[in-house]
Every structure is written in structure tokens, then in C-alpha cells.
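Participant: after the sequence you'll find the predicted model.
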There are 4 protein chains.
Amino acid sequence: MQTEVRYYQEPQLSKPVMICGLPGIGSVAWLAVNHLQKELKAELFAEIFSPMFSPKVWLTDDGIVKLMKGEFYFWKNKSPAPDLLLFTADEQPYSPEGQYELADVVLQLANKFQVARVITMGGMATDKFTEEPKVYVGATDADLVKELEGYGAVKLAGGAITGSNGLIFGLAKTRNLSAICLLAETPGYLTLDANAAKAALRLSMKLFNTSIDLTALDKQAKENNEAVRRAKDMSRGTFPHEGKKGGDRELHYVS
Amino acid sequence: MQTEVRYYQEPQLSKPVMICGLPGIGSVAWLAVNHLQKELKAELFAEIFSPMFSPKVWLTDDGIVKLMKGEFYFWKNKSPAPDLLLFTADEQPYSPEGQYELADVVLQLANKFQVARVITMGGMATDKFTEEPKVYVGATDADLVKELEGYGAVKLAGGAITGSNGLIFGLAKTRNLSAICLLAETPGYLTLDANAAKAALRLSMKLFNTSIDLTALDKQAKENNEAVRRAKDMSRGTFPHEGKKGGDRELHYVS
Amino acid sequence: MQTEVRYYQEPQLSKPVMICGLPGIGSVAWLAVNHLQKELKAELFAEIFSPMFSPKVWLTDDGIVKLMKGEFYFWKNKSPAPDLLLFTADEQPYSPEGQYELADVVLQLANKFQVARVITMGGMATDKFTEEPKVYVGATDADLVKELEGYGAVKLAGGAITGSNGLIFGLAKTRNLSAICLLAETPGYLTLDANAAKAALRLSMKLFNTSIDLTALDKQAKENNEAVRRAKDMSRGTFPHEGKKGGDRELHYVS
Amino acid sequence: MQTEVRYYQEPQLSKPVMICGLPGIGSVAWLAVNHLQKELKAELFAEIFSPMFSPKVWLTDDGIVKLMKGEFYFWKNKSPAPDLLLFTADEQPYSPEGQYELADVVLQLANKFQVARVITMGGMATDKFTEEPKVYVGATDADLVKELEGYGAVKLAGGAITGSNGLIFGLAKTRNLSAICLLAETPGYLTLDANAAKAALRLSMKLFNTSIDLTALDKQAKENNEAVRRAKDMSRGTFPHEGKKGGDRELHYVS
């Protein structure tokens, strides 16, 4: 079976920005893009079915079957924001070859829609918890890095980014696409780090020159903050690592 | 070497139902489909040879060699039952890519024979042994779930199904094929859970509007029941896990 | 890189018998075919280079580099023996897909030369050492099994054969090639079991209706016998397992 | 995604010598080729992007993204030295198939530029540290081995070379390309063995009939020598293994 991109509609978009968020450490990128999709009511227009995803299916609460897949959404701009293409998936491909194939398929679609810029996100593991995580930035050219630094991002000087969120970013450069990667600090023991997702989204919004309601993420972030505080109280400062969304598909930033 | 589907005859069938049963937990699906094949004297008409199966061969009691393979059988209807296509195999493919390829090949054949409905089966691991296992159902649409609930099945609300029996089911949906998956409760420590196979078959028969003699399965089921009872007597209630058909190819339902 | 079969000459053969011997338990098949090649002075006429072999090279005593490869030799008959094609390789492919590919390539060559019969060999692990190992036989049809039983082989009633020596045998059946597999008893702890190789060759010779000098193998066999005897003396009957040619590429007969 | 060789210019070269140096034990080959590139100011003219490399990206100190890749450089001769093609990469391919593919791609390029000779290098693990490591040589024909012995190399009589530096060498022979492999002694616990790289380069220079400034390597070599001496002083002769650049991609010479 070959990878299949199935189109449900052909949106007419004007130099859209593509934002990619796949599962990874702290689910930072996944949370950010899924929040954007819900908040903007972005419309599903294409899906990826592929052997690069795990051979399993999910069932909805209604007992309806769903394959593991990637999903593309679009959102027509409310000026001054650009049109958006969102990409997310149920998981990252399990094999290295699959990682490359997914990045390739995503960037072919980016090319088809004449995407002006690609943004990928991720978490950067740190030892400490903070309610105001820093966001690190890498890009395909120095001007973009400087622009993001102007918005408060910290330059990623050296290091490696593993997995789809890094590979889509890196392959974009070889296709002459302008791209940035935003990595928000995350303590590593949080399954859904809404603080980090918020921090990455806030920076993106400055880039889009628009604003997005982050209330839904605030709720999750507050729960995390309180859980961390309780744990710290109990252990008098040493925070027990808990509920790591383990597994060998977790991808880490290694500086 | 490429996957090869070799046809021995080209049966003329009218909107057949395809029932797939590959090895898995408790061998539930495999037992059910192999029982159907023997009971109905369904005829072999095609085989799959493929590198997605393990690189080994079997020998019959007569010393004749057999490759690992998949097998398709057909059965012409005795009204009011529909024509049947049965699919089984010696094992599930060992790689994720192989799992997708097998599901793809099976559904291509389903398409060729204009299959009206695809049924896959499996075991759902539970902690306790019961002589009357529940059967859970998922489907490609809500009406099918409701129809099966009417026959006594329990809706699979959420969860994942891993392996071929799940993937054939899930890929069917993307090919606009009507499909259901029946998962019978099985305690996990039984190699051949005939009770679970019977429970899944009984539900299928309601769907076919026909009846099939289950005597052969009854015998295996009775043996299981007695073995479990003896073990319980010996251990006064705590049942020792025994004879697990181990190995990494065993596929589990994870709710 | 694709698998490449490189021909150095195009021998004209009359319905040759193809004998395949790849490394495996006790190196039984490899020893047998390499002995045949040397004894008959069979000529190299083709080689297989392929990514299905390990990514490494060998150096000769003269410092000349050699790739891992498969080798085909031919021997023109001295009546009443048939023409022979010999196949051996430095190792078995490391992946399941590679195992199928190698078997496929070998049988395509068998087809090209209109091979009358394919013989594969192997070792069957036993617990005890014997100077007169039994040889088990499986075949593509019952008449062949009976013919070999007439020569003293024991029918392989049930069981599985893993790896290239089994897969070439099994795929031969699906290509309508007549094939047999000879498995000689081997204690498992011998790296080069010349006794077992001799036993398999002796049976093959009856099938070829010819005779081959086994002196060179006798020497290795004698060394093995003496080593086993010394070890038994020292340990008063319990034989220490020694010098197993370990590694995950070792293939076992599992009955 | 397929492997892509991207050309930035098409150098006109006259029967160039190709020198390949990929990461491996002691980084011997990688150090040697990277030193050559810097010292000769060889120009980048092509890059390899491929799923055979790890699915990750690097960031420069300026925050600019870079894919894992292979790089080809050229250097126009200053008589009497030949034109040079240099090949290096960020890592060796992670899979056996990838190792073959990389070697194939490199040799296709060698063919395109009518390369007169291919030189690969590597480290040969030894137990002891020496400031004057021996260099072992294997080649595609006996005359080359003898020529190198004349320059002070030791013949590699037997043994295996695993990984890209061996495979490019071995595949060259099947393509009728003249090739040599130089393996410099390295103690195994050094991440960057500049002594070994120098020894391999000095031999190559005799082959090129030219001279290259090794000062930059001398500095690294001196640091290694001093670190080893300090460690020996502290442990009175038993040298602690330190800072092994571990991981399963490390490739070893096994004699």
C-alpha cells in the first residue's frame, strides 16, 4: 500500500502560512495546532493514509472506526492575518524512512498551495517547570531568526531537532521554502503542556499579526500549574517525574 | 519478490459477505473462520504468497512442504444466507508495512468480488474467564453498530484495535466498504478460545440470517472450560496463567 | 542499489540438478556444497551482489577486497550423473524480505537453466552427538519423499524449516519445480559438522546415481569425533557446549 | 522520499582521485577528509539528501537549520598532484540497505567524473595507544597493495571491514574501479584520533605525490597525546577508557 493524500475539497488560498504540529514531547506542537484548528474553526480538506503510521485503528465513542492518519485544515484569512494551512497527525511515523516520507508529502502539499512560510513547533526539555516558558527559534535564514528574536524568541544556537517537527523544517530549506521552528520550554514530565503550547502560539500570533483566544489552553495550563504546585508542596521542592507519555516515539531536543 | 495472489478458480458470487480471521489473541478470529470453512466446506480459490510472511516453511505429516500464506475460500449461498468469502492466514505479517500491505491486498480482492460487507473478528483481553463471553462491536457507520447491538453485541465506545483484524476493518472504511469488527471477550491465557469464537460466530449468524453447526467448537470449548475449572479448584480461586501463545506477534486490544 | 546477478559465462546444461547450501546450523549445507564444488572442480559462472547481504567486505590473505555475495557454479555431467548447478553464499540475508528475495533470485536462475530438481540441505538440531547422523527428508511431492526413504532418509512428518534453505525449497513448490530438502542431525554445538554434511551428501549421491570422494570431509569429521570424545572423557559423559557459531543469523529447525 | 544528489556546480576534472571519509571509529576518516577539505580549500559542488540519514536536523550557531547530508568537494590540481574529489557525510546510514545505497550513489558520481582511483580510510581498533600508528592497506588488486607497502603501509591479510568506508571500497571493485582502503591504528577510546588521521593522510600524500600542511591536525594530536599521558600517570599505566563516542553506528574493524 502506498501513502495516499485524499482531498475532500480544493481550497483557494492566497500565499498561506502552513503550521505543522505533530505529537512530541509535552504534546506542545500538537496542542498548539489542535487549539488553532478548534478556535479558528479551520476546515478539514485533506487526509493522509499511509503504512508509515502504526497498523492500528481507533474507535470513536459511537463505535465508528478511524485509521491512524494525518490531517490538513485550512482557514481563510480575516485581514490582516494570512490564510492558514494546518497540519497535524495522530502520531509521528514509527520509522526513519517514514519520517522523511511524511515531511516530503507535507512539503509537496505546501508547494501545491504556494505556501509563503512553514512553521513547525515542538517542546524543548528542561529540568525545571516554569509558567512562562521561553521559546527558542531556528529558521531557514538569518533574517527570520532576527525577526523572531524581536518578538521575544531566543535564538537556537546549535543543537539538533529530532523527528517530524524538525524534519519538515529542515527539508523546507532544501525546497527553498521559508520556514521557522519554535521550541517552547517544557519540563518533560507533562503529557499536555498547555503553557508551552500557549507560549509558542503567542509568538506565532505576532508573526501572523493577529490574535487568537487562548482561553481553552489557559484551563489546561492552570490544571498543570496546580498539579505541579501540589506535587512540590508534598515533596518539599523535589518534583517527582510523573505520567511521562513514554515510548520510543517520544522525540527530544538534544542541545 | 513481490506479493502474489494466485487464483485457482474464479467463483461467480452475488454480493458476498467477506469474513476475515487471522491469528491473534486466543486465536478467536482464526478459530471462527477455520470452523466456518470446515463446516460449510467452503472451497479454496486463491492464495497469497508474500515476503510479508515469515521466511519459513511448514511440512505436512506426509513430508510435503508448504509456504506461509494467506487463503481465500468461497461458499455459494443456501438462501437466505449470502454468498461468503472467507480469508485466513498462517500468521499476521511481522512488520507494520506488511500489515498494511495485507489489508490492502485483501480489500482489493473484496473490491473485485463486489463484497457487500466485510467482517473481521478478534479477541478482547479480559481478566476473568466466562463461558458466555460478551461480544463488542465497532463498525464503519452508526446504523451497523445499532443493528449489531440489537443482536446482543456491546458497542466498542473508544479504544484501539491493533493488527490485521483491525486494519482490514479500518481500511475498508476509506474504500467505502461497509465493515464491522466483532471482538469477543477472552481471558488471554487460552491459546484456542473456542467459547469466544462461538460467541463471535453466533452474532455473525444473526447477521447472515442463517445457522451453522457449532458442535466441533463446542468440544474445544468444553475442554477449555474443564481445564479452567480444574485449575481453579487446585488454586482455590486464583487462576494461574498458563500456556500463553506468547511472542511478539500476539496482538492485543487496548481500551 | 538493486540486487545484481552478474554472469561470467553462460554454461550449456542439460536439465541440471541445482544444489543449494547456505550457512546455517552446523554449517551442514554450506560444507556439503563447498565440498562438492572443490571435489568436482565446478566452475564459477555467476555471482549475486545485493543489499540483502551485510554491509561489510572481506580481505583475502593478499589484501584484496571481496564483497559479501552469493555464488553459482556449474559442473558438466560425467554420465550417469546429471549436470549440476551449485549455489552457495557467504551468509544468509539478514532480513526476512531479503530471505524471500534471495530465494526468488535463485529460483529465477533455476528456471532460466530449466533445472530438473532443486536440493536444499540443512542441519536438524539434536541433543546428542552421533557419528552416523540420520537424514530427514521433505519434498514437493509424496513420490520424492518415498524415493528418498528408499535410500535411507527419514520422512520429515510435520515441523518447520526457517531460513534460506527452507525458503528456496518452499518457493520451488509454488513455481512447479520438483524439490527436496535434506536435514542431517547435528548436535548444534559444532561449527562445521562434517559428519552431517557427509550424511546429506551420501544421500544426494544416491539420487544422482554417482559417487563423490568424501575424504576431505572425513578429515574434518574425524577431528570433530575426537574433540567430542575428549570432551566426554573429561566431563564423564556430560558434554560441554563449545564454540557455538552464535548470532541471530543462526537458523534452527524447530519441530 | 528518494535519495537526491543536488549539484551546485559541474567541475571539469581530469581523472580525479576520490577520497572518502565518513564518521567511524576514532573519526579517523572523517578527520582526514575534513582536514584535506579545509587545508586545500576544496569547493563544495554537490550534496546528498536522503532518508538513509537520521530523521533529524542541526542548527548552526546562527540558528540556521541544516539537514543530515553527504557532501562532495573538488580541488583542481596543482601539478604534480591529481585533481581531487572529496566525499564526507554527517553520519553513516543507519540501515544496512542505506549503507549499500550510499556506496552506490557515491560510486555513480565517481563514474560520472571518471575517477581514476577511490581511497577510503578508517580506524583499526587496537588495545594500545601509539603516537606513530601503523597504517594497514587493502586494495582492489595486488599491485596497489604492493605500491602502498612500498610507502610503509602494512598489508591487511584477511579480516573484515564493516560500514561505508569498507563498502564503498568493496563495491568499487565490482564496478572495475581501482580502490584502496587505509586503516590507521587507533586505540578506540579517542573520539577524534588526529594521530591516526595524520598517518592515513601521510600515506595518501605519497600516493598523490604531493604535500599537505598537517599543522591543524598536529594540534589535536598533541592534545590527545597529552590527555593520554596524564591519564597514564594518574592510573600508573592502566589507561581508563574515556569519552567513547558510543552508539550502535560506531563501526569496528574485526580481524
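Facilitator: Nice, I can see it.
Participant: could I get stretch A:139-150 in CSV with only the CA atoms?
Facilitator: Extracted as CSV, the C-alpha positions of stretch A:139-150 are listed here (Å, rounded to 0.1, in the frame of the first residue of the first chain):
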residue,chain,number,x,y,z
ALA,A,139,14.9,29.3,10.8
THR,A,140,15.9,28.8,7.2
ASP,A,141,17.6,32.2,7.1
ALA,A,142,19.1,34.7,9.5
ASP,A,143,16.5,37.5,8.9
LEU,A,144,13.7,35.2,10.1
VAL,A,145,15.7,34.4,13.3
LYS,A,146,16.2,38.1,13.9
GLU,A,147,12.5,38.9,13.3
LEU,A,148,11.5,36.3,15.8
GLU,A,149,14.1,37.5,18.3
GLY,A,150,12.4,40.8,18.0
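Participant: hmm, that stretch touching chain D?
Facilitator: Yes. Using CB under 8 Å from any CB of the partner chain, stretch A:139-150 reaches chain D at A:Ala139, A:Thr140, A:Asp141, A:Ala142, A:Val145. In this view, the C-beta of every residue, glycine as well, is placed from N, C-alpha and C.
Participant: now the phi/psi pair for the closest residue to chain C within the stretch 101-250 of chain A, please.
Facilitator: In the stretch 101-250 of chain A, the residue that lies nearest chain C is A:Glu101 (17.7 Å; CB to the nearest CB). Note on A:Glu101: its backbone torsions stand at phi -60, psi -40 [degrees, to the nearest 10].
Participant: count of neighbours near it?
Facilitator: Number of residues near A:Glu101 (other CB atoms under 10 Å in any protein chain shown) recorded here: 21.
Participant: what of A:Leu203?
Facilitator: Neighbour count for A:Leu203, taken as other CB under 10 Å: 21.
Participant: which residues touch A:Pro16?
Facilitator: A:Phe74, A:Pro82, A:Asp83, A:Leu84, A:Leu85, A:Phe113, A:Gln114, A:Val115, A:Ala116 (CB atoms under 8 Å, 6 or more residues apart in numbering or on different chains).
Participant: oops, could you answer that again for A:Glu185 instead?
Facilitator: So A:Glu185 contacts A:Gly123, A:Met124, A:Thr126, A:Thr130, A:Pro133, A:Lys134, A:Val135, A:Tyr136, A:Ala196, A:Ala199 (CB under 8 Å, 6+ apart).
Participant: from these, which would you call buried?
Facilitator: For those, a neighbour count by 16 or more other CB atoms under 10 Å in any protein chain shown gives the buried set as A:Gly123, A:Met124, A:Thr126, A:Pro133, A:Val135, A:Tyr136, A:Ala196, A:Ala199.
Participant: shouldn't A:Glu147 be within a helix?
Facilitator: Yes. Counting by DSSP: H, G, I helix; E, B strand; the rest coil, A:Glu147 is located in a helix.
Participant: do you know how far the spatially closest residue to it that is not a sequence neighbour is from A:Leu13?
Facilitator: Here the nearest residue to A:Glu147 in space, its sequence neighbours aside, is A:Leu207; by CB to CB, 6 or more residues apart in numbering or on different chains that works out to 7.6 Å. Distance of A:Leu207 to A:Leu13, computed by CB to CB, to the nearest Å: 17 Å.
Participant: which two among the contacts of A:Glu185 are spaced furthest apart?
Facilitator: For the contacts of A:Glu185, the maximum inter-member distance is 13.5 Å, found between A:Thr130 and A:Tyr136 (CB to CB).
Participant: tally of neighbours for A:Ala194?
Facilitator: Neighbour count for A:Ala194, taken as other CB under 10 Å: 26.
Participant: which residues does it contact?
Facilitator: Going by CB under 8 Å, 6+ apart, A:Ala194 touches A:Leu31, A:Leu217, A:Asp218, A:Lys219, A:Gln220, A:Ala221, A:Asn224.
Participant: so how do I select the buried members of the residues you listed in ChimeraX?
Facilitator: Buried residues within those, by 16+ other CB under 10 Å, are selected in ChimeraX with:
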select /A:31,217,220,221,224
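Participant: about what we covered before: so which of the contacts of A:Glu185 belong to helices?
Facilitator: Among those, the members falling in helices (DSSP state H) are A:Ala196, A:Ala199.
Participant: so which of the contacts of A:Glu185 belong to strands?
Facilitator: Those of the contacts of A:Glu185 mapping onto strands are A:Gly123, A:Met124, A:Val135, A:Tyr136, per DSSP state E.
Participant: about what we covered before: turn the contacts of A:Pro16 into a markdown table, columns for distance to chain C and neighbour count.
Facilitator: Output for the contacts of A:Pro16, formatted as a markdown table (distance: CB to the nearest CB, whole Å; neighbours: other CB atoms under 10 Å in any protein chain shown):
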| residue | distance to chain C | neighbour count |
| --- | --- | --- |
| A:Phe74 | 39 | 22 |
| A:Pro82 | 44 | 20 |
| A:Asp83 | 43 | 20 |
| A:Leu84 | 41 | 25 |
| A:Leu85 | 36 | 25 |
| A:Phe113 | 36 | 20 |
| A:Gln114 | 36 | 10 |
| A:Val115 | 35 | 25 |
| A:Ala116 | 39 | 16 |
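Participant: chain B: which of the residues you listed is nearest?
Facilitator: Using CB to the nearest CB, these come closest to chain B at A:Phe74, 21.0 Å.
Participant: doesn't that closest one lie inside a strand?
Facilitator: Yes. Assessed with three-state DSSP, A:Phe74 lies in a strand.
Participant: check the gap between the closest residue to it other than its chain neighbours and A:Ile180 for me.
Facilitator: Excluding the flanking residues, the one nearest A:Phe74 by CB to CB, 6+ apart is A:Pro11, at 4.3 Å. Distance, A:Pro11 to A:Ile180, by CB to CB: 23 Å.
Participant: phi first, then psi, for A:Leu203.
Facilitator: The phi/psi pair for A:Leu203 (degrees, to the nearest 10) reads phi -70, psi -40.
Participant: how about the helices in the stretch 51-200 of chain A?
Facilitator: A:96-112, A:142-150, A:164-174, A:194-208 (DSSP state H, counting those that start in this stretch).
Participant: how far does the helix or strand where A:Ala231 lies sit from the chain's center?
Facilitator: Using DSSP states H and E, the element containing A:Ala231 is helix A:215-235. Here helix A:215-235 is found 22 Å from its chain centre; the criterion is CA atoms, centre = their mean, to the nearest Å.
Participant: and stretch A:105-118, by the same measure?
Facilitator: 16 Å.
Participant: got it, and stretch A:121-138?
Facilitator: With CA atoms, centre = their mean, you get 13 Å for stretch A:121-138.
Participant: does that stretch reach chain D?
Facilitator: Yes. Residues of stretch A:121-138 contacting chain D under CB under 8 Å from any CB: A:Val137, A:Gly138.
Participant: quick one: average pLDDT of that stretch?
Facilitator: What stretch A:121-138 shows for mean pLDDT is 89.
Participant: how far does it stretch from start to finish?
Facilitator: Length of stretch A:121-138, first residue to last, CA to CA, to the nearest Å: 10 Å.
Participant: and stretch A:183-203, by the same measure?
Facilitator: End-to-end distance for stretch A:183-203, by CA to CA: 11 Å.
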